[in-house]
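Undergrad: quick one: sequence plus predicted model below, questions after.
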Amino acid sequence: MAAAAAASLHATAAALHGAVSKSRSAAIPQVATSVRVAAASRRRGSARARGGLVAARAAAVKDEAADTNSGGHEVLMFEALREAMIEEMTLDPTVCMIGEDVGDYGGSYKVSKGLSEMFGDLRVLDTPIAENSFTGMGVGAAMKGLRPVVEGMNMGFLLLAYNQISNNCGMLHYTSGGQFKIPIVIRGPGGVGRQLGAEHSQRLESYFQSIPGLQMVACSTPYNAKGLLKAAIRSENPVVVFEHVLLYNLKEKIPDEDYICCLEEAEMVRPGSQVTILTYSRMRYHVMQAVKTLVNKGYDPEVIDIRSLKPFDLHTIGNSVKKTHRVLIVEECMRTGGIGASLRSAIIDNFWDELDAPPMCLSSQDVPTPYAAPLEDATVVQPPQIVAAVEEICR
């Protein structure tokens, strides 16, 4: 039975790889009408940035993006993710997409809208409702040389594929003695939405953080959503990209030029001097709402979007702690065993002598997310709680 499954997986990967080369000449002209994709196509020879080159390019693009007068275009976050997919699939014929409704329907949040027409239905592969099966197929495709992007319609559904993500994605490079690389991206919406109920409001960061060999990033803006997804696709490591269900319609101006964001780098959102606030994903916006109140009260908080959930960017975080000597972590993840607990432990281990107060952590309640809106709001950290925590830590 295992042999038959392996043979089937091998045949599927071979079919995908063969279809890529046949459809490439037809696919590229269709998307070349995009200025961004056409420009990326002209740089085809340098598309596979790796390691230090990825970080160097990310830093260079960050400097360029600081000049808001240099052009660009406005996109919603789901459109930025779609652009990333189009550009990477155009540049690299081994990139493919797998998931439920990613084909003709265009994905539940339209990240893959139009991709099946551009690249064919074997590079944008619709699957049955069987997360363990198509995630396992994605792992097999990665082992055979493809770069699959597996979409979970909702991150909570990927619990059905936990074995494939843990025992296969994270460990196969090691358990094969380095014979296989697993350059797979697993992405999709998660987090507490608006009355989506407990099973559709999962935050799986804490579930996946202990898996050896797995990288995790969380996007929070259209700019970093596109840059992180492109970098994840180019990485040789398995990467989980967390997207928040409430952030898909955020609008931001992003560069026309090809760019990526470093997968291991945090983002300085607001420099400050009194307290370091570490956050990510949707909570970035709750923090910035609280910052307005704090500034009016005379406080000067420094805000960092950690972005890389595994590994943590302890260089950026450490430099901030050495400056402010106080830390507040704000997350939507559960309090017990969450990202905040791991981050607080890392700060205590590495920067204990720099702290003038115990690090504080604000997290979601350890309860299933209620359907009723007032109760749902009560389980998640709100701006007034952040203001109160900063006031306490700065006494």
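TA: Nice, I can see it.

Undergrad: tell me which residues touch the closest residue to Lys253 other than its chain neighbours, please.
TA: Leaving out its chain neighbours, the residue that sits closest to Lys253 by Cβ to Cβ, 6 or more residues apart in numbering is Gly72, at 4.6 Å. Quick note: C-beta positions are derived from backbone N, CA and C, even for glycine. When contacts are counted by Cβ atoms under 8 Å, 6 or more residues apart in numbering, Gly72 touches Lys253, Ile254, Pro255, Asp256.

Undergrad: so what does Gly72 look like in phi/psi?
TA: The phi and psi torsions at Gly72 (degrees, to the nearest 10) take the values phi 120, psi -170.

Undergrad: repeat for the one 4 residues further on
TA: Dihedral pair for Leu76: phi -80, psi 160, per degrees, to the nearest 10.

Undergrad: wait, what's in contact with the residue most central in space within the chain?
TA: The residue lying closest to the centre of the chain (Cα atoms, centre = their mean) is Val241, at 2.7 Å. Val241 makes contact with Val185, Ile186, Arg187, Val217, Ala218, Cys219, Leu228, Leu229, Ala232 under the criterion Cβ under 8 Å, 6+ apart.

Undergrad: can you tell me which of those residues is nearest Val111?
TA: Here the nearest of the contacts of Val241 to Val111, counting by Cβ to Cβ, is Arg187; it sits at 8.3 Å.

Undergrad: tell me if the closest one really is in a helix.
TA: No: read with DSSP: H, G, I helix; E, B strand; the rest coil, Arg187 is strand and lies in no helix.

Undergrad: secondary structure class for the residue nearest to it when sequence neighbours are not counted?
TA: Distances taken as Cβ to Cβ, 6+ apart place Val241 nearest to Arg187, at 3.9 Å, with adjacent residues excluded. What three-state DSSP gives for Val241 is strand.

Undergrad: quick one, strands of the stretch 51-200 of the chain?
TA: For the stretch 51-200 of the chain, the strands defined by DSSP state E, counting those that start in this stretch occupy 73-76, 95-99, 124-126, 147-151, 185-190.

Undergrad: of all those strands, which one is nearest Gly213?
TA: Proximity to Gly213 (Cβ to Cβ) singles out strand 185-190 among the strands of the stretch 51-200 of the chain, at 12.9 Å.

Undergrad: what does that closest one rub up against?
TA: 81, 99, 108-109, 135, 138, 147-156, 158, 165, 169, 202-204, 229, 232-233, 238-245, 248.

Undergrad: so what are the sheet partners of that strand and their directions?
TA: Strand pairing for strand 185-190, using DSSP bridges, gives strand 147-151 (parallel), strand 239-244 (parallel).

Undergrad: which of these sits most buried?
TA: Ranked by average neighbour count under the criterion mean count of other Cβ atoms under 10 Å, these are headed by strand 147-151 at a mean of 28.

Undergrad: could I get that one in PDB with only the CA atoms?
TA: C-alpha atoms of strand 147-151 as PDB (Å, rounded to 0.1, in the frame of the first residue of the first chain):
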ATOM      1  CA  ARG A 147       8.300  24.400  -5.300                       C
ATOM      2  CA  PRO A 148       4.700  23.900  -4.300                       C
ATOM      3  CA  VAL A 149       2.600  26.500  -2.500                       C
ATOM      4  CA  VAL A 150      -0.100  24.700  -0.500                       C
ATOM      5  CA  GLU A 151      -3.100  26.800   0.500                       C
END
